[in-house]
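Enquirer: Sequence and predicted structure are below.
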Amino acid sequence: MSKKILVFVLGALLLALSFPLDAQQLAKVFRIGVLLTGSASTQKSRIDAVRQGLHELGYVEGKNVVLEFRYAEGKRERFADLAAEMVRLKPDVIVVGGTGFTAAAKQATSTIPIVVGGAGDLVGTGLVASLARPGGNVTGSTDISPDLSGKRLELLKEAIPKARRVAVLWHDVTGSGDADEIQQTEIAARAFAIKLQVVSVQAPDRFQDAFAAFKRGNADALVIIQGSFTFFHSKQLMELAAKNKLPTMCEGSLWTETGCLMSYGPDLIYQYHRAATFVDKILKGRTPADLPVEQPMKFELVFNLKTADQIGVTIPQWPLMKADRVIR
């Protein structure tokens, strides 16, 4: 080998060794699985948030990252099969939404990193050891924050001052964490001298019966506990609430956009945007066990005045002044 060629080869080798680690990693095409409880249409804003977050961090679909989506269509019985199917694709990271889907993903794999876009009590359900040090292969964001149930009832009372009897609709499923939400709502109701009427629904064909029960109970308003089942059927639930002229309080802005009168809860779009940051850190060598789980950092109070007009209620000015967004 000539001296010039040897110098060239050694130079090229040194250049390769000095090439930044991040750039070397981004030269690989990463596969990211995404498991969501709803459908492509109901989860669009969350999907867009993940995509935007990844794009801002330098990931381009089809170039250095491939996204694989699976949707449960609101059916918890599909969680295990879809999680197993995703694991067979051998993604580098799995992004998942909801406590039930997170549990299914963790059961399907103990090695592939799992990033939670948003879910209930990850500690209470045993999915992580603690928020500070999750352990295992799960990290991300939890929706749990102290006193949300009480805050929702407080805001509901401000918006609907006459509310004395409040109905609560939920989907009673073991392991969902919704039972804790019911308990917290009951505690808050006693503090505000509100009489609760709690009704569980197991299938969409029971919605009519639930609203008939609310009417018999003279409910002044309705709180809907968010879960994969209730959110997937949110449009139908909002149509029934409007038909029955029943003011509704929900857990997030996506509900309000669907027709809920008002919502208060974590900004889930922000949390799913944050999921991209967790993914990026893991792809660059961090382990889920050492990435602290984040609690909600942003909350939104949203009113839908179109719904208010439709059901014939007037929201006082003070609650509207506190709103982060008003849909007119």
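Expert: All right, it came through fine. Since this is a predicted model, take the numbers as computed values, not measurements.

Enquirer: show me where pLDDT drops low in the chain?
Expert: For the chain, applying pLDDT under 70 flags the ranges 1-27, 145-147, 174-177.

Enquirer: tell me, how many neighbours does G217 end up with?
Expert: G217 has 15 neighbouring residues, counting by other Cβ atoms under 10 Å. The way it works is simple: take the backbone N, C-alpha and C, and place the C-beta from them, glycine included.

Enquirer: which residues sit in contact with it?
Expert: Contacts here follow Cβ atoms under 8 Å, 6 or more residues apart in numbering; on that basis G217 touches 165, 167, 197.

Enquirer: can you pull out the strands in the protein?
Expert: Along the chain, counting by DSSP state E, strands occupy 30-36, 65-71, 93-97, 114-118, 138-140, 165-170, 195-200, 221-224, 248-250, 262-266, 299-304, 325-327.

Enquirer: Just put the contacts of G217 in CSV and tack on distance to G150 and neighbour count.
Expert: As requested, the contacts of G217 are exported to CSV (distance: Cβ to Cβ, whole Å; neighbours: other Cβ atoms under 10 Å):
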residue, distance to G150, neighbour count
R165, 18, 15
A167, 17, 25
Q197, 18, 17
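
Enquirer: Find the centremost residue of the protein, please.
Expert: G118 (3.6 Å; Cα atoms, centre = their mean).

Enquirer: Surely that residue and L268 touch.
Expert: Yes: contact criterion Cβ atoms under 8 Å: G118 and L268 qualify, at 4.9 Å.

Enquirer: which residues do the two both contact?
Expert: With Cβ under 8 Å, 6+ apart, G118 and L268 have common neighbours 46, 143.

Enquirer: ok so, going back, relative to L148, how far out is the residue nearest to the centre of the chain?
Expert: Counting by Cβ to Cβ, to the nearest Å, the separation of G118 from L148 is 13 Å.

Enquirer: With E154 instead?
Expert: Taken as Cβ to Cβ, the span from E154 to L148 is 10 Å.

Enquirer: more crowded one of those two?
Expert: L148 (20 against 15).

Enquirer: Would you agree that one is in contact with G265?
Expert: Yes: applying Cβ under 8 Å as the test, L148 and G265 come out as touching, 6.5 Å apart.

Enquirer: Could you tell me how far the nearest residue to T111 once chain neighbours are set aside is located from D92?
Expert: For T111, ignoring the flanking residues on the chain, the nearest one in space by Cβ to Cβ, 6 or more residues apart in numbering is N137 at 6.4 Å. Counting by Cβ to Cβ, the gap between N137 and D92 amounts to 12 Å.

Enquirer: And for K151?
Expert: For K151, the distance to D92 - Cβ to Cβ - is 38 Å.

Enquirer: ditto for I182
Expert: Taking Cβ to Cβ, one finds I182 at 38 Å from D92.

Enquirer: With S234 instead?
Expert: S234 is 32 Å from D92, by Cβ to Cβ.

Enquirer: Then A275?
Expert: 14 Å.

Enquirer: Neighbour count for the two, which is higher?
Expert: A275 (28 against 17).
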